[in-house]
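Q: Sequence plus predicted model, see below.
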Amino acid sequence: MTRQNFSKAVKFAAWERCGGHCEICRQKIIDVAQYDHIVADALDGEPTLANCQVLCSRCHRLKTSKTDIPAIAKGKRIETKRAGLKRKGRPLAGTKASGWRHKVNGEWERR
């Protein structure tokens with residue numbers, strides 16, 4: 001999946017909507033504005049005005065590290081599990097998956 005960036009028209013409309021202020025901390029943006037997907041692009045967030053927010057670099061960095069990266073990683077883990085691609089380790093001895101049964105007298109036998 002390729003990254004979908006916001007168009008210039010969407011960025012301009014988002015800039016006018018926020019009035020030059022960060023949409024999280026509400027402080028005036030002094031340096032370059034960051035245009036962020038509210039729902040991450042990797043989680044099927046569309047590049048629309050409703051999914052765009054203007055952030056200062058500090059808030060963008062914090063949002064990305066605290067919410068976006070863990071959510072994307074969890075989504076990838078769920079997809080690989082559903083596809084049956086997750087490699088399973090060795091089964092615990094004595095479980096049905098191991099193929100061995102532990103008898104009461106201490107012996108082991110094949111199921």
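A: That came through fine.
Q: which stretches of this structure form helices?
A: Per DSSP state H, the chain carries helices over the ranges 8-18, 57-63, 69-82.
Q: where's the first one relative to the chain centroid, distance-wise?
A: In other words, helix 8-18. 25 Å (C-alpha atoms, centre = their mean, to the nearest Å).
Q: neighbouring contacts of it?
A: Identification of contacts with helix 8-18 by C-beta atoms under 8 Å, 6 or more residues apart in numbering yields 6, 33, 35, 47-49, 52-54. Every residue, glycine included, has its C-beta placed from N, CA and C.
Q: thinking again about what came up before, would you mind finding the most buried of the helices of the chain?
A: Mean neighbour counts were taken over these using mean count of other C-beta atoms under 10 Å, and the top value, a mean of 16, falls to helix 57-63.
Q: Pull it out as CSV, backbone CA atoms only.
A: Coordinates of each C-alpha in helix 57-63 appear next as CSV, following Å, rounded to 0.1, in the frame of the first residue of the first chain:
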residue,chain,number,x,y,z
SER,A,57,5.8,19.7,15.0
ARG,A,58,5.8,18.8,18.8
CYS,A,59,2.2,17.6,18.8
HIS,A,60,2.7,15.7,15.5
ARG,A,61,5.7,13.9,16.9
LEU,A,62,3.9,13.0,20.2
LYS,A,63,0.7,11.8,18.4
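Q: Kind regards, and thank you for your time.
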